[in-house]
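Undergrad: sequence and predicted structure, then a few things I'm wondering about:
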Amino acid sequence: MHSKSVEKLLKDSGAFLHGHFQLSSGLHSDAYVQCMRALVHPDITMQLAHLIADIFKDSAVDVVCGPAMGGITLAFATAHILNTKAIFSEYTKSSDGTKTIFLKRGFEHDVAGKRVLIVEDAITTGKAVRETLVVLRKHFAEVVGISAIINRAQSDITFDNVPFKPLMSMALTTYEPYHCPLCRSGVPVTIPGSRQQ
């Protein structure tokens, strides 16, 4: 519904990158959409947040939650438009070195018994959103929807029967590392994003 206008905002902000990238899935691609390049512009952020808020305006949202780091700015902007609270989930290293998503800073009290919308900048595998969904439910939140600026997933992605309504979808051309023509050509690989393997 909003694909063309969102794509223009992302292109105008320099969010579309070309090169040799290792995605969070481990696959390689010659393109990447770095949504944070758009979210550094408050006016663009508010335009994107308005589009998300419009989709969920009838969902009686109490709290907007953004998985750190990509969802924080967008969650704040969307919450401002919906006149709700904005919180974020974040990764914490446990004693054995594994990273797990938690609600900290008292945010667990803000979601108990509340209707929560999860917003993310971009979704590729959905890992952070799935983990956030589990944590929110653990603290007795009702997750009423999930949105993102862009869905980069290579296949249909679902979140345990929660409505997923991204602003746009775009499947990148990807390669297994051992079949990657960029690797064979010796092009250095970059690992973008906030969650590196």
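TA: Everything's here; your move.
Undergrad: could you give the number of residues near the residue nearest to His50 when sequence neighbours are not counted?
TA: Distances taken as CB to CB, 6 or more residues apart in numbering put Ile81 closest to His50, at 5.8 Å, once the chain neighbours are dropped. All C-beta atoms are positioned from the backbone trio N, CA, C, and that covers glycine. Number of residues near Ile81 (other CB atoms under 10 Å) recorded here: 16.
Undergrad: low-confidence ranges in the chain?
TA: Along the chain, the model assigns pLDDT under 70 to residues 1, 154-155, 193-197.
Undergrad: could you pull out the helices for it?
TA: For the chain, the helices defined by DSSP state H cover 3-12, 36-39, 42-55, 72-82, 107-111, 127-138, 181-184.
Undergrad: would CSV of the ones you listed with distance to Val64 be doable?
TA: Shown next, in CSV, are the helices of the chain (distance: least, CB to CB, whole Å):
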stretch, distance to Val64
helix 3-12, 18
helix 36-39, 15
helix 42-55, 9
helix 72-82, 4
helix 107-111, 11
helix 127-138, 12
helix 181-184, 37
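Undergrad: closest to Val61 out of those helices?
TA: With respect to Val61, and counting by CB to CB, the nearest of the helices of the chain is helix 72-82 at 5.3 Å.
Undergrad: what does that closest one rub up against?
TA: By CB atoms under 8 Å, 6 or more residues apart in numbering, the residues outside helix 72-82 that reach it are 39, 45-46, 48-50, 52-53, 56-57, 61, 63-66, 85-88, 117, 119-121, 149.
Undergrad: what residues of that helix count as buried?
TA: Of the residues in helix 72-82, Ile72, Thr73, Leu74, Ala75, Phe76, Ala77, Thr78, Ala79, Ile81, Leu82 count as buried by neighbour count, 16 or more other CB atoms under 10 Å.
Undergrad: out of the contacts of helix 72-82, which end up buried?
TA: 39, 45, 48-49, 52-53, 56, 61, 63-66, 85-88, 117, 119-121, 149.
Undergrad: follow-up on the earlier one: just put the buried residues of helix 72-82 in TSV and tack on distance to Ala31.
TA: Shown next, in TSV, are the buried residues of helix 72-82 (distance: CB to CB, whole Å):
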residue	distance to Ala31
Ile72	25
Thr73	23
Leu74	21
Ala75	26
Phe76	28
Ala77	26
Thr78	26
Ala79	31
Ile81	30
Leu82	32
